[in-house]
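Asker: Build me a structure from this.
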Amino acid sequence: MGLQIMKEFKKEELTKLFRPHDNSNGEDNGQITIIGGSELFHGAPILALKTASRIVDMVFFATPEKSVGMVAELIKSKLMSFIWIPWDDLSAYIEKSDAILIGPGFMRFGSEKTPESDRHFDNHNEGKTTREITEKLLKKFPLKKWVIDAGSLQTMDAEWIPENAIITPNKKEFETLFGAKFSTGLATEMAKKYKCIIVAKGPESYVTSADETVLIKGGNAGMTKGGTGDILAGLTVALLAKNEPFLSACAASYIEKAAADELYCGYQEDHGLQPVDELSSDMSSSLGKPRSSGRGGRHKKVGTNYNADDLADFIPEYFKMVLAD
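Answerer: Here you go, the predicted model:
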């Protein structure tokens with residue numbers, strides 16, 4: 001196995017991302033489907049849906065309920081910027097979508113580290129259902145652009161990974177999926193074997209394809225809070241709708257970390273951007289001053305005292321800021 005030369009992702013590479021044209025029509029800027037959710041973990045798809053809905057034109061959501069059941073009602077009570085689709089119609093929406101995310105909020109086995117041979121399926125029926133759904137859909141639509149996360153990632157076999165799929169494991173999930181502790185060398189080996197992109201999440205994240213590994217720096221201790229992985233998954237699938245997989249994976253990881261750093265202490269000073277008080281008027285209206293309300297208002301630098309909702313709300317502002325720089 002040849003040694004890969006690792007490089008660090010820089011913000012200038014974000015200019016390669018697709019941007020909506022002024023004369024765009026509906027659906028020109030991407031359609032995605034998100035599959036997941038459960039009564040216990042209904043917050044996870046909300047964060048993924050919220051993040052993705054601010055980037056693409058259309059977001060479809062499906063959870064394994066025959067009609068608008070409890071999970072759908074819980075999610076619809078918190079967010080309206082998506083279209084709930086009946087489970088029986090899922091295949092048609094996967095076909096028409098530019099990219100698909102599977103896994104956020106899906107139930108998993110009692111122990112993420114339980115090997116398949118030791119899993120007592122009768123005692124983990126919900127994890128078994130996740131596993132069956134994941135296998136069926138990945139094998140039925142191997143040519144679609146997939147992001148695989150959370151419950152699906154924790155219950156599946158590596159052999160099911162479709163070519164060019166993006167998987168987003170933390171270090172523990174990486175070990176569960178591939179049977180060995182994370183290293184950049186093993187990530188390269190697995191990316192080559194399965195022809196996929198691996199986003200190994202951590203204080204320093206690594207995005208690995210068969211050809212290269214990119215280091216994503218940034219982030220802070222506030223990102224250990226629950227839900228930041230769901231934001232990353234939603235951001236990744238949204239970018240994947242209109243961009244190549246490797247760029248989408250790198251850019252999503254970078255954007256989330258950079259936005260978190262801006263909430264923490266001010267991204268501009270640390271990364272060579274304009275100070276907040278020198279930003280052009282179209283940005284200064286939304287940056288650098290205390291937030292006037294809990295949703296969609298002005299943000300303030302809060303150290304680690306932010307949650308996943310705060311981060312999801314701020315990402316569009318960061319996106320605008322960095323692309324205008």
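
Asker: Could you check how many residues crowd around the nearest residue to D57 once chain neighbours are set aside?
Answerer: Leaving aside its chain neighbours, D57 sits nearest to N29 (4.6 Å; criterion: CB to CB, 6 or more residues apart in numbering). In this view, the C-beta of every residue, glycine as well, is placed from N, C-alpha and C. Counted with other CB atoms under 10 Å, the neighbours of N29 add up to 19.

Asker: so N29 sits right up against V56, yeah?
Answerer: Yes: with contact defined as CB atoms under 8 Å, N29 reaches V56; the gap is 6.0 Å.

Asker: how close does K144 get to L240?
Answerer: Going from K144 to L240 by CB to CB, to the nearest Å gives 10 Å.

Asker: center of the protein - which residue?
Answerer: A233 (1.1 Å; CA atoms, centre = their mean).

Asker: Now do the contacts for that one.
Answerer: A48, L101, G103, P104, V147, D149, A150, T168 (CB atoms under 8 Å, 6 or more residues apart in numbering).

Asker: now with 6 Å?
Answerer: By CB atoms under 6 Å, 6 or more residues apart in numbering, the residues touching A233 are A48, L101, P104, V147, D149, T168.

Asker: Packing partners of the helix or strand where the second one lies?
Answerer: Secondary-structure assignment from DSSP states H and E places L101 in strand 99-102. Packed against strand 99-102 by the contact rule (3 or more CB pairs under 6 Å, 6 or more residues apart in numbering; DSSP states H and E) you find strand 31-35, strand 146-148, helix 228-240.

Asker: okay, these in CSV with distance to L323 next?
Answerer: Converted to CSV, the helices and strands packed on strand 99-102 look like this (distance: least, CB to CB, whole Å):
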stretch, distance to L323
strand 31-35, 20
strand 146-148, 22
helix 228-240, 13
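
Asker: Out of the ones you listed, which is closest to V322?
Answerer: helix 228-240 (13.6 Å; CB to CB).

Asker: Alpha carbons of the helix or strand following that closest one, as PDB, please.
Answerer: Next along the chain after helix 228-240, taking DSSP H and E as the criterion, comes helix 245-264. Provided in PDB are the C-alpha atoms of helix 245-264 (Å, rounded to 0.1, in the frame of the first residue of the first chain):
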ATOM      1  CA  PRO A 245     -18.600  13.200  -2.900                       C
ATOM      2  CA  PHE A 246     -15.000  14.000  -1.700                       C
ATOM      3  CA  LEU A 247     -15.500  17.800  -1.900                       C
ATOM      4  CA  SER A 248     -18.900  17.500  -0.200                       C
ATOM      5  CA  ALA A 249     -17.400  15.500   2.700                       C
ATOM      6  CA  CYS A 250     -14.400  17.800   3.200                       C
ATOM      7  CA  ALA A 251     -16.500  21.000   2.900                       C
ATOM      8  CA  ALA A 252     -19.200  19.800   5.300                       C
ATOM      9  CA  SER A 253     -16.700  18.900   8.000                       C
ATOM     10  CA  TYR A 254     -14.800  22.100   7.500                       C
ATOM     11  CA  ILE A 255     -17.900  24.300   7.600                       C
ATOM     12  CA  GLU A 256     -19.300  22.800  10.700                       C
ATOM     13  CA  LYS A 257     -16.000  23.100  12.600                       C
ATOM     14  CA  ALA A 258     -15.500  26.700  11.400                       C
ATOM     15  CA  ALA A 259     -19.000  27.700  12.300                       C
ATOM     16  CA  ALA A 260     -18.500  26.200  15.800                       C
ATOM     17  CA  ASP A 261     -15.300  28.200  16.200                       C
ATOM     18  CA  GLU A 262     -17.100  31.400  15.300                       C
ATOM     19  CA  LEU A 263     -19.700  30.700  18.000                       C
ATOM     20  CA  TYR A 264     -16.900  29.900  20.400                       C
END
